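1. Predicted model and sequence below, questions to follow.
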Amino acid sequence: MTAFGDARLPGNSIAYKRTPIFATDTVPVALLKAHSTKAGCWALIHVLEGELLYVVDDPRRPASRAMLKCGEPPGLVEPMILHRVEPGVGARFQVEFYRILDQSDANEKTKR
């Protein structure tokens, strides 16, 4: 499990999507501003090179900042929590999205 503060990626979650790899000069502007994932959507921010400042500035959480670095645990994004990133020079990163495994997922796995 990956932690950020007291939050943890639920053990019954499954990855369902990844972004392209972003670099300092290709990161979408939307990620630099406060934004959130949808309900039920968790995410991990994987730093592949350099470092990336991950800022949680949602009024429902204590303000927090974490410097994410290559080779260290990813940053955890909670559903519907406002956050933003500030990539350092030479940073490369990717975001992996997760959802909670539900019964239809379990049924699909047993068919295979």
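-> All right, it came through fine.
2. from here on, contacts and neighbour counts on C-alpha atoms
-> Noted.
3. In contact with residue 89, which residues are there?
-> Residue 89 makes contact with 24, 50-51 under the criterion CA atoms under 8 Å, 6 or more residues apart in numbering.
4. State the distance from it to residue 27.
-> Distance from residue 89 to residue 27, counting by CA to CA, to the nearest Å: 12 Å.
5. sorry, back to before: among the contacts of residue 89, which ones are in strands?
-> residue 51 (DSSP state E).
6. Of the contacts of residue 89, keep whichever come out buried.
-> Using 16 or more other CA atoms under 10 Å as the burial test, the contacts of residue 89 include 24, 50-51 as buried.
7. residue boundaries of the strands in the protein?
-> 3-4, 7-8, 13-18, 22-23, 41-49, 51-56, 64-69, 75-77, 83-87, 92-100.
8. can you list the ones you listed in JSON lines and add distance to residue 35 and mean pLDDT?
-> As requested, the strands of the chain are exported to JSON lines (distance: least, CA to CA, whole Å; pLDDT from 0 to 100):
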{"stretch": "strand 3-4", "distance to residue 35": "17", "mean pLDDT": "50"}
{"stretch": "strand 7-8", "distance to residue 35": "18", "mean pLDDT": "78"}
{"stretch": "strand 13-18", "distance to residue 35": "17", "mean pLDDT": "96"}
{"stretch": "strand 22-23", "distance to residue 35": "17", "mean pLDDT": "97"}
{"stretch": "strand 41-49", "distance to residue 35": "13", "mean pLDDT": "97"}
{"stretch": "strand 51-56", "distance to residue 35": "10", "mean pLDDT": "96"}
{"stretch": "strand 64-69", "distance to residue 35": "15", "mean pLDDT": "95"}
{"stretch": "strand 75-77", "distance to residue 35": "11", "mean pLDDT": "94"}
{"stretch": "strand 83-87", "distance to residue 35": "6", "mean pLDDT": "97"}
{"stretch": "strand 92-100", "distance to residue 35": "14", "mean pLDDT": "97"}
